[in-house]
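*Asks:* For reference, the sequence and a predicted model appear below.
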Amino acid sequence: MQVRKYVESATPIATLNTENAASFRITLGDPTPTDGKITLFIRAEDTRNITTSGVYDIEIISPTNEVDRILQGEFILSPEVTR
């Protein structure tokens, strides 16, 4: 998964995959790998670095390197007001 300000942006705001450190992680299948569940995890400390609205997509790469985009969209950043 990549998050960018614009589709054309050269540098992603965040990249999540199944191999990242604990701060940007995707877990496939919980409790079993075949249940179809995808869990995205970004620590609160890391979301502070997301300062703009943007776009994202999630791609699944098969064992034979076939790439399928399974989700895409836009998000609107809504900063927290209550402190």
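*Replies:* Now that the structure is in, tell me what you want to look at. Numbering: from 1, shown residues only.
*Asks:* For the rest of this, base every contact and every neighbour count on C-alpha atoms.
*Replies:* OK.
*Asks:* Next, Glu45: phi, psi?
*Replies:* With angles defined as degrees, to the nearest 10, Glu45 sits at phi -60, psi -30.
*Asks:* same thing with Ala44?
*Replies:* Main-chain torsions, Ala44, degrees, to the nearest 10: phi -60, psi -40.
*Asks:* again with Thr47
*Replies:* Backbone geometry at Thr47, expressed as degrees, to the nearest 10, gives phi -70, psi -20.
*Asks:* Check the spacing between it and Ser78 real quick.
*Replies:* 12 Å (Cα to Cα, to the nearest Å).
*Asks:* Between those two, point out the one with more neighbours.
*Replies:* It is Thr47, of Thr47 and Ser78, that has more neighbours when counted by other Cα atoms under 10 Å, with 13 against 9.
*Asks:* Now do the contacts for that one.
*Replies:* The contact partners of Thr47, taken as Cα atoms under 8 Å, 6 or more residues apart in numbering, number zero.
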